[in-house]
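Visitor: Okay, predicted coordinates and the sequence, questions at the end:
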Amino acid sequence: MIPTYVDTQTLTAVVPASPIAQAVHVRVSTGSGISPETPADLYTYTNGPIVDLVNPNNGPTTGGTIVIIIGKNFTAPLSLRFGDTPVDAFNINSATQITVLSPANGTPGPVDVRVTKGTDVSPTGPATKFTYNSAVPKITALTPNTGSTFGGNEVVITGLGFTGASCPGSVKFGTVQAAECTVINDTTMTTKAPPNVSGPAVVLVSTQNGTSDIVPNYTYVSPSGTGGGSSAPPAPSPGGNESYTLTSRWSLLTWTGRNGMSVSDAVHGTGVPGAVDLSGRITALFQWDAVADTWRAYFVGGDSVPGASDFTTLTQGAVYWVAISGEGAVPWVVPLN
């Protein structure tokens, strides 16, 4: 065939007929030589289905992306696969178009979208790829979901979007970072629980794509002191203080201060030796209410406005997001008892 020269990187040509279904190499010959054979230069002759375009050509590993497949010879009965994953339900809009929801895939990266009719399978190429992107982390289960305040037990985290997680840094139990974790695949990882105070804690997984939902999902239990001679850490002495470091914008913390303490007193440092008034820096506290499936909030600016906030006291062992304004970290000193 005689091609038409477009530029130094582009030629156009009319495809000649082939007497049989086959895959052939397209090669270009000039005075400088002949192009080598590579997988990228394969052209497939087929009487079966052909995929010309996948739109969109990417979506999250959770699946559920509406994908339109453009091609030829899409007549029933057909079967469809995204990589190794078969798709049970799809709609043949016409002989040139199929609509489908992308299936879930535990591993990020590109896969070939292939349509099969009888023994004919659509050829693959750059235009037949669908790329799975890591989703925002989502935790669906922790096994086990309880452990000693001493920490150290191995926890299997099941969910989605774990690709790219690394420790320390990606996994927190409350405010405490897990020192180590292992990503098995996008849906499973393991970690070791760090020591923490007794009570419910929020386990979070963070990657460059975001952070998992803030929901209490792990419970620390103080050892009973029987069986093997283990004992719980000593309780804080009366009058002791706890100091949190609040960082720019948001800090996640487990309240280990006085149970039932007024939020206003804690923010203003009322009656707390060594504390300073942080009402000019702390703007709000938020707490997830798992029973009501909603957020509860305390607004520092609404201290004197009845009903402006959803709660007015702090619960020991509860998890809070603390919002601050301004630049730089600030210490927040609160009473333990």
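Guide: In hand now; what should we look at?

Visitor: Where does the prediction get shaky in this protein?
Guide: Scanning the chain for pLDDT under 70 picks out 1, 223-240, 304.

Visitor: For the spatially most central residue of the chain, give its distance to residue 314.
Guide: Per CA atoms, centre = their mean, the C-alpha nearest to the average position across the chain is that of residue 137, at 1.8 Å. Computed as CB to CB, to the nearest Å, the residue 137 to residue 314 distance reads 28 Å. All C-beta spots, glycine's among them, are computed from the backbone N, C-alpha and C.

Visitor: Residue 73 now?
Guide: According to CB to CB, residue 73 stands 66 Å off from residue 314.

Visitor: Next: residue 274.
Guide: Applying CB to CB, one obtains 18 Å for the distance of residue 274 from residue 314.

Visitor: and if you look at residue 298?
Guide: Noted for residue 298: a distance of 9 Å to residue 314, by CB to CB.

Visitor: so what sits against both of those two?
Guide: Common contact partners of residue 298 and residue 314 (CB atoms under 8 Å, 6 or more residues apart in numbering): residue 263.

Visitor: Quick check on these two: which one has the bigger neighbour count.
Guide: Each of residue 298 and residue 314 had its neighbours counted (other CB atoms under 10 Å), and the higher figure belongs to residue 298 (24 against 21).

Visitor: just checking, next helix/strand downstream of the helix or strand hosting the more buried one?
Guide: The secondary structure element spanning residue 298 is strand 294-299 (assigned by DSSP states H and E). Later in the chain than strand 294-299, the nearest helix or strand by DSSP H and E is strand 313-314.

Visitor: and after that following strand, which helix or strand comes next?
Guide: Downstream of strand 313-314, the first helix or strand assigned by DSSP H and E is strand 319-324.

Visitor: Can you give the distance of that next one from its chain's centre?
Guide: Centroid separation between strand 319-324 and its chain, computed with CA atoms, centre = their mean, to the nearest Å, is 21 Å.

Visitor: got the angle between it and strand 294-299?
Guide: 40 degrees (axes from the mean of the first three to the mean of the last three CA atoms, to 10 degrees).

Visitor: And the contacts of strand 319-324?
Guide: Residues outside strand 319-324 that contact it (CB under 8 Å, 6+ apart): 174, 200-202, 214, 216, 244, 246-255, 278, 281-288, 314, 330, 332.

Visitor: which of the residues you listed are buried?
Guide: In terms of neighbour count (16 or more other CB atoms under 10 Å), the buried residues within the contacts of strand 319-324 are 174, 200-202, 214, 216, 244, 246, 251-255, 278, 281-288, 314, 330, 332.

Visitor: Once you drop chain neighbours, what's closest to residue 321?
Guide: Counting by CB to CB, 6 or more residues apart in numbering, residue 321 lies nearest to residue 286, which is 4.3 Å off, once chain neighbours are set aside.

Visitor: For my notes, confirm that neighbour occurs in a strand.
Guide: Yes: assigned with DSSP: H, G, I helix; E, B strand; the rest coil, residue 286 falls within a strand.

Visitor: distance of it from residue 57?
Guide: Applying CB to CB, the value for residue 286 to residue 57 is 38 Å.

Visitor: what does residue 252 give?
Guide: Residue 252 is 36 Å from residue 57, where distance means CB to CB.

Visitor: residue boundaries of the helices in the stretch 151-300 of the chain?
Guide: Across the stretch 151-300 of the chain, reading from the start of the chain, the helices by DSSP state H, counting those that start in this stretch fall at 263-268.

Visitor: Quick one: the strands in it, in order.
Guide: 154-160, 171-173, 176-177, 181-185, 188-192, 199-201, 203-207, 210-211, 218-221, 241-246, 250-254, 261-262, 282-289, 294-299 (DSSP state E, counting those that start in this stretch).

Visitor: Could you export these as a markdown table, including distance to residue 145?
Guide: Below are the strands of the stretch 151-300 of the chain laid out as a markdown table (distance: least, CB to CB, whole Å):
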| stretch | distance to residue 145 |
| --- | --- |
| strand 154-160 | 8 |
| strand 171-173 | 11 |
| strand 176-177 | 16 |
| strand 181-185 | 16 |
| strand 188-192 | 13 |
| strand 199-201 | 10 |
| strand 203-207 | 9 |
| strand 210-211 | 19 |
| strand 218-221 | 5 |
| strand 241-246 | 25 |
| strand 250-254 | 16 |
| strand 261-262 | 28 |
| strand 282-289 | 16 |
| strand 294-299 | 22 |
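
Visitor: most tightly surrounded among those?
Guide: With neighbours defined by mean count of other CB atoms under 10 Å, none of the strands of the stretch 151-300 of the chain is more surrounded on average than strand 171-173, at a mean of 25.

Visitor: Pop the domain breakdown of the chain in here.
Guide: Here the domain parsing of the chain from automatic domain parsing is 50-133, 138-221, 241-335.

Visitor: Could I get the ones you listed in a markdown table, plus columns for distance to residue 35?
Guide: Below are those laid out as a markdown table (distance: least, CB to CB, whole Å):
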| stretch | distance to residue 35 |
| --- | --- |
| domain 50-133 | 17 |
| domain 138-221 | 37 |
| domain 241-335 | 55 |
